[in-house]
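**Q** sequence and predicted structure below; questions after.
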Amino acid sequence: MNIYGYNGASRPTEVAAPMQFPDQKSEKTGSADFASLLENYTQEMVKDHKAASTAAVDLATGKGGSTSEALLAVQKADLSFQMMLSVRNKLVDAYREVIRMQV
């Protein structure tokens, strides 16, 4: 996986921006920060899926756009969905582990 920008040259042009995490000194509780983080990722996933759907419809109806742009949008939407599904599965596993704990 290439984390560098590519402009057709043989060497990387710039490094991708690092992931931004919520400020540690915020006045919100940890659960509210986590909930807003999940909500933001979910909204981005929905936006990616809408963009992929629009690109596929535009390609099928001949309104414009190239095949590679449509396929790229669909792959991006698929990866974002897979990531959110993995996060959900990990959260469910963690919940089940906590439930199984004996006190």
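**A** Thanks, I have it.
**Q** drop to CA atoms for contacts and neighbour counts, all remaining ones
**A** Will do.
**Q** the closest residue in space to Val74 that isn't next to it in sequence sits in which helix or strand?
**A** Nearest residue to Val74 in three dimensions, chain neighbours excluded: Ala52, at 4.8 Å (CA to CA, 6 or more residues apart in numbering). Using DSSP states H and E, Ala52 sits within helix 30-61.
**Q** which helices and strands sit right next to that helix?
**A** helix 67-100 (3 or more CA pairs under 8 Å, 6 or more residues apart in numbering; DSSP states H and E).
**Q** angle of the helix it packs on against helix 30-61?
**A** 150 degrees (axes from the mean of the first three to the mean of the last three CA atoms, to 10 degrees).
**Q** so for helix 67-100, mean pLDDT?
**A** Averaged across helix 67-100, the pLDDT comes to 94.
**Q** next, the buried residues of it.
**A** Judged by neighbour count using 16 or more other CA atoms under 10 Å, the buried positions of helix 67-100 are 70, 73-74, 76-77, 80-81.
**Q** can you check stretch 49-57 too?
**A** 49, 51-53, 55-56.
**Q** can you redo these as a markdown table with pLDDT and distance to Ser66?
**A** Formatted as a markdown table, the buried residues of stretch 49-57 follow (pLDDT from 0 to 100; distance: CA to CA, whole Å):
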| residue | pLDDT | distance to Ser66 |
| --- | --- | --- |
| His49 | 95 | 17 |
| Ala51 | 94 | 14 |
| Ala52 | 94 | 12 |
| Ser53 | 94 | 14 |
| Ala55 | 93 | 9 |
| Ala56 | 92 | 10 |
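**Q** export these to a markdown table and tack on distance to Leu85?
**A** Below are the buried residues of stretch 49-57 laid out as a markdown table (distance: CA to CA, whole Å):
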| residue | distance to Leu85 |
| --- | --- |
| His49 | 14 |
| Ala51 | 19 |
| Ala52 | 18 |
| Ser53 | 19 |
| Ala55 | 23 |
| Ala56 | 23 |
